[in-house]
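Prediction below, plus the sequence it came from.
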Amino acid sequence: EAGVVQSPRYKIIEKKQPVAFWCNPISGHNTLYWYLQNLGQGPELLIRYENEEAVDDSQLPKDRFSAERLKGVDSTLKIQPAELGDSAVYLCASSQQGADTQYFGPGTRLTVL
Amino acid sequence: AQSVTQPDIHITVSEGASLELRCNYSYGATPYLFWYVQSPGQGLQLLLKYFSGDTLVQGIKGFEAEFKRSQSSFNLRKPSVHWSDAAEYFCAVGSTSGSARQLTFGSGTQLTVLP
């Protein structure tokens, strides 16, 4: 069974440019999470989806970050415009609805110059 | 709100030596506790989890962890470390929000294994 897929794996952009990350969860997983992991820190939740509904986006900086999961499967996280402080790893995870275990993708490492 | 403290930022052990990584949590109810491992360039892989029952939990790759409510701890152990265990280890506490678990992670412990 394929795991959580993320792309791109690495992205380098200049500040003020837009960037998007894509995530394909494990088949059948209704719940999808986006996490931000700064260097030397643990992941922090940005947003959680139950199917296509964002049920917890309280930690998402909505002035520049947006996310969507239109058909309840794949998801895209966007930053526009990117700032230097956005350099980090963006992790996607998924789980079966109500399940306790989250499965993580390899992440996208973003560098903003 | 829940929180997790991993007091050791970096630990170095020799291959074959025993290992203990510390984790302390703060949570108002019975916690759901997890240990994840992250190798360079990889996502987080679940090592083990505790929800209830036996306080000594066995995981993958020969790891185990012991839940001690009195000490608010969930330390990870391995009797004999292998070079491939070098990675970053994260402890997390889970809470319930609706139908899903919310994970709060510690800041991680980087493990170096000497030959």
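Right, received. Where do you want to start?

For the strand ranked longest in chain B, output the C-alpha coordinates as PDB.
In chain B, with assignment by DSSP state E, the single longest strand is strand B:87-97. Taking Å, rounded to 0.1, in the frame of the first residue of the first chain, the C-alpha atoms of strand B:87-97 are listed here in PDB:
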ATOM      1  CA  ALA B  87      17.700   9.700  13.700                       C
ATOM      2  CA  GLU B  88      15.500  12.300  15.500                       C
ATOM      3  CA  TYR B  89      12.900  11.000  17.900                       C
ATOM      4  CA  PHE B  90       9.700  12.900  18.800                       C
ATOM      5  CA  CYS B  91       7.400  12.200  21.600                       C
ATOM      6  CA  ALA B  92       3.800  13.400  21.200                       C
ATOM      7  CA  VAL B  93       0.600  13.600  23.200                       C
ATOM      8  CA  GLY B  94      -2.700  13.100  21.600                       C
ATOM      9  CA  SER B  95      -6.000  14.800  22.500                       C
ATOM     10  CA  THR B  96      -9.400  14.300  21.100                       C
ATOM     11  CA  SER B  97     -11.000  17.000  19.000                       C
END
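
Return the set of buried residues in it.
By 16 or more other CB atoms under 10 Å in any protein chain shown, the buried positions in strand B:87-97 come out as B:87-95. Using the backbone N, CA and C atoms, a C-beta is placed for each residue, glycine as well.

That one: partners in the sheet, and parallel or antiparallel?
strand B:32-38 (antiparallel), strand B:100-105 (antiparallel), strand B:109-114 (antiparallel) (DSSP bridges).

can you list the residues that contact the longest one?
In this case it means strand B:32-38. A:100, A:104, B:21, B:23, B:25, B:44-51, B:59, B:61, B:63, B:65, B:67, B:74, B:76, B:87-95, B:101, B:103, B:105, B:108 (CB atoms under 8 Å, 6 or more residues apart in numbering or on different chains).
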